[in-house]
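1. After the sequence you'll find the predicted model.
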Amino acid sequence: LSRTLLAAGAGEEVSEEEQKKANDSEEVPYLVSRYWRQKCSYMSKPGPIDNRPLLCSHGLPLCGFAESRLAVPVPRRGWEALRARYGGGPAVRADAKGGCFQCDLVETRSREKEKIIALERGSARKGVDGWYIVDETWMKSWRDFIVKGEPRPGPISNTNLLRQDGSPKEGLQPAKHYRGLIAPVWKELLSIYGGGPEIVRMKISIYAPAYKPPPRPSASQVDGEEDGEESGDRELEREDNDMVTEEPERGEADDR
């Protein structure tokens, strides 16, 4: 124990056998950051123990910190002696659970935003599989989560757009009351948040006819329809709809 304690304080290397013996002498060892231990190797007065490299910005242990090279295990009595001599901390036990919900949420926001933007930019034929109408209230809460760090929204809810019989309410305006999403974006958000109901239209208007997938053409029809499809794609691209991660411009009311 004294050998391990001196090594931790002086920055000397400890053999695996000695380290295992020291760790086995106590139920759960404590951890000292390798950063502070290195300071001990070239400074006579390294200052207080600094375990901040083992913690996230919210003060919680990092995932995998105990197995990483960031930490040096020290028996409990050794930790108590080091802390009595140098002060500092905080105390981090080797069995502490790593991970921080807030840090994970930051990564979730980043991944989700990147995925949705990639789906939008990677879809050359926007609207070819119909436009999925989503309540702007929910979309705003999702944008606030992604962009502003607000709480994560609940399930997608389009009930405010519909009457009890499933028909759209009167006076709904694009951008103000709802948004139109392409199929890949809708499917991604639905897989994450769930909810509904699904509202699919031929264009970005909740009052437009419901979208119905066209029948698949036979092989003999494909060649003759290529020119018509290209022209139709250009018409679809004229539909103006902002990126879902951006604040929309207020549009005019749809004609019933």
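-> Received it, and whenever you're ready, just let me know what you need.

2. contact partners of the longest helix anywhere in the chain?
-> As assigned by DSSP state H, the longest helix anywhere in the chain is helix 101-121. Residues outside helix 101-121 that contact it (Cβ atoms under 8 Å, 6 or more residues apart in numbering): 56-58, 60, 145-147, 149, 152, 182, 184-185, 188-189, 192, 243-245. C-betas here are computed from N, CA, C, even on glycine.

3. After it, which helix or strand is next?
-> Moving toward the C-terminus from helix 101-121, the next helix or strand (DSSP states H and E) is strand 131-135.

4. Where does the prediction get shaky in the protein?
-> Low-confidence regions of the chain, defined by pLDDT under 70, span residues 1-27, 63-68, 98, 124-127, 217-256.

5. one more time with 90
-> Applying pLDDT under 90 to the chain picks out residues 1-47, 49-110, 119-130, 147-152, 196, 212-256.

6. Helices along the stretch 151-256 of the chain, start to end?
-> Along the stretch 151-256 of the chain, counting by DSSP state H, counting those that start in this stretch, helices occupy 183-193, 219-237.

7. got the CA coordinates for the longest helix of the chain in PDB?
-> Output in PDB follows, covering the C-alpha atoms of helix 101-121 (Å, rounded to 0.1, in the frame of the first residue of the first chain):
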ATOM      1  CA  PHE A 101     -27.900  12.700 -19.400                       C
ATOM      2  CA  GLN A 102     -27.300  16.300 -20.400                       C
ATOM      3  CA  CYS A 103     -24.100  15.500 -22.400                       C
ATOM      4  CA  ASP A 104     -25.900  12.600 -24.100                       C
ATOM      5  CA  LEU A 105     -28.700  15.000 -25.000                       C
ATOM      6  CA  VAL A 106     -26.300  17.400 -26.600                       C
ATOM      7  CA  GLU A 107     -24.900  14.600 -28.800                       C
ATOM      8  CA  THR A 108     -28.500  13.500 -29.600                       C
ATOM      9  CA  ARG A 109     -29.400  17.000 -30.800                       C
ATOM     10  CA  SER A 110     -26.300  17.100 -33.000                       C
ATOM     11  CA  ARG A 111     -26.900  13.700 -34.600                       C
ATOM     12  CA  GLU A 112     -30.600  14.300 -35.100                       C
ATOM     13  CA  LYS A 113     -30.100  17.700 -36.800                       C
ATOM     14  CA  GLU A 114     -27.400  16.300 -39.100                       C
ATOM     15  CA  LYS A 115     -29.500  13.300 -40.100                       C
ATOM     16  CA  ILE A 116     -32.600  15.400 -40.900                       C
ATOM     17  CA  ILE A 117     -30.500  18.000 -42.900                       C
ATOM     18  CA  ALA A 118     -28.800  15.100 -44.800                       C
ATOM     19  CA  LEU A 119     -32.200  13.600 -45.600                       C
ATOM     20  CA  GLU A 120     -33.600  16.900 -46.900                       C
ATOM     21  CA  ARG A 121     -30.500  17.700 -49.000                       C
END
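
8. how about it: buried residues?
-> 109, 112-113, 116-117, 119-120 (16 or more other Cβ atoms under 10 Å).

9. just stretch 163-173 next, same as before
-> 168, 172.

10. First-to-last residue distance for it?
-> The stretch stretch 163-173 measures 16 Å between its terminal residues, going by Cα to Cα, to the nearest Å.

11. and what of stretch 194-210?
-> Taking Cα to Cα, the first and last residues of stretch 194-210 lie 21 Å apart.

12. repeat for stretch 90-105
-> 24 Å.

13. Number the chain from 4, please
-> From this message on, residue numbering opens at 4, which makes the last subject stretch 93-108.

14. In TSV, list the buried residues of helix 104-124 along with distance to residue 100.
-> Converted to TSV, these look like this (distance: Cβ to Cβ, whole Å):
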residue	distance to residue 100
112	23
115	25
116	28
119	31
120	33
122	34
123	37
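
15. which one among those residues gets closest to residue 87?
-> Lowest distance from residue 87 to the buried residues of helix 104-124 (Cβ to Cβ) belongs to residue 112, with 42.5 Å.
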